[in-house]
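Asks: Sequence isn't available, so here's the structure alone:
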């Protein structure tokens with residue numbers, strides 16, 4: 001076990017750099033290779049999401065994601081600009097926390113780049129966030145946890161899109177007092193293609209995050225191996241979360257207000273803010 005941990009640490013130590021001021025940093029394209037992202041465009045999407053998370057945490061994005069673009073040869077003596085970033089440990093931490101959690105190397109990276117002192121700071125910061133910042137914060141977490149839930153569902157024999165939709169409906173029905181995903185979308189006035197989770201306030205998102213994480217944990221713990229058992233587990237956890245809300249005197253998720261702006265709109269606004277201003 002100790003040797004494995006040392007090997008995992010060496011993986012990220014080997015691409016760690018130190019600048020002339022003694023500050024450590026990592027290069028994005030080297031990290032991309034270690035994290036097993038074959039295409040830069042896919043990794044850049046993760047970086048973009050991590051930059052949004054950085055802004056939400058009220059950190060200066062340019063201090064943690066430093067652009068150091070360089071010219072690279074493309075043949076026949078021609079060159080083109082290649083996007084590159086110098087990343088702080090915190091930037092790497094945000095990247096791996098927004099990476100694909102199904103990859104074993106992502107789990108290693110999360111441990112390596114974990115900034116323990118940040119955990120309490122982030123918890124305290126959460127209370128200071130605006131409602132929309134809280135929505136972005138939780139929605140990002142849900143995207144990761146839903147990947148793990150989808151993997152657990154696949155292991156239980158849920159393969160087709162229809163089977164997965166049925167599995168998702170089971171969780172929603174448990175949490176929303178019998179309402180299906182379509183019912184919830186209709187109540188929010190959504191059209192086809194608009195994601196329910198993108199039109200939830202922070203309180204509703206938090207309830208669904210708990211549903212997702214606890215269902216995945218239950219299925220993994222119990223070795224759920226059939227679609228029927230998976231659907232039953234999802235429905236049961238949904239009911240448990242609903243009962244907890246009721247016992248706490250909270251508002252049922254279906255009765256919570258629908259925000260005016262979707263998560264995608266908020267992300268677009270944040271990305272616009274991140275773009276450097278032209279002189």
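Replies: Okay, I see it. What you see is a predicted model, and the numbers here were worked out from it, not measured in a lab.
Asks: where do the helices sit along this structure?
Replies: Counting by DSSP state H, one finds helices in the chain at the ranges 2-13, 28-34, 40-56, 61-64, 89-97, 104-113, 116-126, 131-155, 161-175, 181-187, 202-222, 227-247, 263-274.
Asks: Now the third one: buried residues?
Replies: In other words, helix 40-56. Neighbour-count burial for helix 40-56, counted by 16 or more other CB atoms under 10 Å, picks out 43, 46-56. Heads up, the C-betas are built off the backbone N, CA and C, glycines and all.
Asks: Which residue in those has the weakest pLDDT?
Replies: The lowest pLDDT within these belongs to residue 56, which sits at 84.
Asks: how about the buried residues of helix 40-56 in a markdown table, adding distance to residue 73?
Replies: Output for the buried residues of helix 40-56, formatted as a markdown table (distance: CB to CB, whole Å):
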| residue | distance to residue 73 |
| --- | --- |
| 43 | 21 |
| 46 | 27 |
| 47 | 24 |
| 48 | 27 |
| 49 | 31 |
| 50 | 29 |
| 51 | 29 |
| 52 | 33 |
| 53 | 34 |
| 54 | 32 |
| 55 | 35 |
| 56 | 38 |
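Asks: so which of these would you say is closest to residue 270?
Replies: The closest of the buried residues of helix 40-56 to residue 270 turns out to be residue 52 (CB to CB; 4.9 Å).
Asks: Where does pLDDT dip in this structure?
Replies: Where the chain drops to pLDDT under 70, the residues are 1-5, 74-77, 115-124, 276-279.
Asks: got a list of what residue 219 touches?
Replies: Residue 219 sits next to 152-153, 155-156, 230, 233 when contact means CB atoms under 8 Å, 6 or more residues apart in numbering.
Asks: Give me the buried subset of these.
Replies: 152-153, 156, 230, 233.
Asks: Assess the claim that residue 227 and residue 160 are in contact.
Replies: No. When contacts are counted by CB atoms under 8 Å, residue 227 is not listed as touching residue 160 (9.9 Å).
Asks: In terms of packing, which of those two has more residues around it?
Replies: Comparing residue 227 with residue 160 by other CB atoms under 10 Å, the one with more neighbours is residue 227, at 19 against 9.
Asks: Run through the bridge partners of residue 70.
Replies: residue 82 (DSSP bridges).
Asks: Surely it and residue 80 touch.
Replies: No. Residue 70 lies out of contact with residue 80 (CB under 8 Å); the separation is 10.1 Å.
Asks: Please identify the deepest-packed of the helices of the chain.
Replies: helix 89-97 (a mean of 24; mean count of other CB atoms under 10 Å).
Asks: and that one, what other elements does it pack with?
Replies: strand 24-27, helix 40-56, helix 61-64, helix 104-113 (3 or more CB pairs under 8 Å, 6 or more residues apart in numbering; DSSP states H and E).
Asks: Once you drop chain neighbours, what's closest to residue 207?
Replies: Distances taken as CB to CB, 6 or more residues apart in numbering place residue 253 nearest to residue 207, at 5.3 Å, with adjacent residues excluded.
Asks: which ones are touching the one you found?
Replies: 175-176, 204, 207-208, 242, 245.
Asks: Same question for residue 55.
Replies: Neighbour list for residue 55: 61, 270, 273-274 [criterion: CB under 8 Å, 6+ apart].
Asks: now the residues you listed as JSON lines including distance to residue 143?
Replies: Supplementary listing: those in JSON lines, determined by distance: CB to CB, whole Å:
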{"residue": "61", "distance to residue 143": "20"}
{"residue": "270", "distance to residue 143": "15"}
{"residue": "273", "distance to residue 143": "21"}
{"residue": "274", "distance to residue 143": "19"}
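Asks: between the buried residues of helix 40-56, which is closest to residue 182?
Replies: Distances from residue 182 to the buried residues of helix 40-56, taken by CB to CB, are shortest for residue 49, at 28.2 Å.
Asks: close enough to count as contact, that closest one and residue 96?
Replies: No. The pair residue 49 and residue 96 does not pass the contact test of CB under 8 Å, sitting 11.5 Å apart.
Asks: Next, find the distance separating the residue lying closest to residue 11 once chain neighbours are set aside from residue 274.
Replies: Closest residue to residue 11 apart from its sequence neighbours, by CB to CB, 6+ apart: residue 34 at 6.1 Å. According to CB to CB, to the nearest Å, residue 34 stands 25 Å off from residue 274.
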